[in-house]
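dropping the sequence and predicted coords here.
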Amino acid sequence: MPTKQAAADIIGLGLHEAVRSLFPRLDAVNIERFARQYSVNFRAHDKVPSKLFPYVGETLVSLKESGYLIAVATGKSRAGLDRVLGTMGMLDLFHGSRCSDESLSKPDPLMLYELLDEFDLSAGEAMMIGDTEFDLEMASRAGIRSIGVSYGAHSRDRLMQHKPVAIIDNIMHINNYIKQ
């Protein structure tokens with residue numbers, strides 16, 4: 001049985017990568033079986049809607065209204081992301097998204113490359129905001145500047161290893177860094 005810390009350490013990875021990390025002795029067939037059953041169990045028990053961290057909703061709306069393109073690169077599946085965004089009434093907030101079942105999982109940069117291509121942007125025109133080392137490593141590998149948030153899954157020390165522009169304690173402080 002994985003420890004609570006081991007479970008926290010894989011937050012941000014795609015499901016198959018998380019299972020592989022937590023249960024390294026499983027072969028590919030059993031990883032697939034485990035992931036499929038986990039998904040069934042998760043959906044059956046996930047009855048409480050997700051909550052945003054303070055000020056995230058307002059900040060995202062403000063950024064969109066200011067003309068920024070907003071996209072999501074997530075370890076969630078497409079069905080999981082759509083369910084969460086739909087429950088929160090946020091489906092129309094994002095211009096684009098990539099999920100781990102459509103691309104390669106973090107920290108591989110493919111999701112970011114695909115989003116850059118979709119919007120015809122260079123890496124220098126983008127910024128990744130993340131709460132895991134996988135987010136910031138993905139950004140670094142894609143040549144994209146990043147900002148870490150201190151209140152998420154991974155510690156400030158783990159985030160700092162990937163040389164973000166900043167680590168912020170409140171998402172509203174993002175404005176101090178995105179126009180640089």
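Yep, it's here.

could I get the full set of helices for the chain?
4-9, 15-22, 28-45, 56-65, 78-87, 110-118, 133-142, 156-160, 175-178 (DSSP state H).

verify the stated contact: Ile10 with Phe23.
No. Look at Ile10 against Phe23 with Cβ atoms under 8 Å: they stay out of range, at 10.6 Å. Yep, even glycine has a C-beta here, placed from its N, CA and C like the rest.

dump the residue contacts of Glu137.
Listed by Cβ atoms under 8 Å, 6 or more residues apart in numbering, the contact partners of Glu137 are Lys106, Pro107, His162.

for the first one, give its distance to Val61.
Distance, Lys106 to Val61, by Cβ to Cβ, to the nearest Å: 25 Å.

between those two, which one's more packed in?
Between Lys106 and Val61, counted using other Cβ atoms under 10 Å, the more crowded position is Lys106 (27 against 13).

what's the local residue count around the closest residue to that one other than its chain neighbours?
Using Cβ to Cβ, 6 or more residues apart in numbering and skipping the chain neighbours, the partner closest in space to Lys106 is Phe134 (3.9 Å). Phe134 has 25 neighbours, counted by other Cβ under 10 Å.

care to break the protein down by domain?
Following automatic domain parsing, one gets these domains for the chain: 4-45, 56-178.

can you put those domains in CSV and add mean pLDDT?
Putting these into CSV (pLDDT from 0 to 100) gives the following:
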stretch, mean pLDDT
domain 4-45, 91
domain 56-178, 95
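
comparing these, which comes out most buried?
Mean neighbours per residue, mean count of other Cβ atoms under 10 Å, is largest over the domains of the chain for domain 56-178, with a mean of 17.

mind checking the end-to-end distance for that domain?
The straight-line separation of the ends of domain 56-178 (Cα to Cα, to the nearest Å) is 15 Å.

lovely, talk soon.
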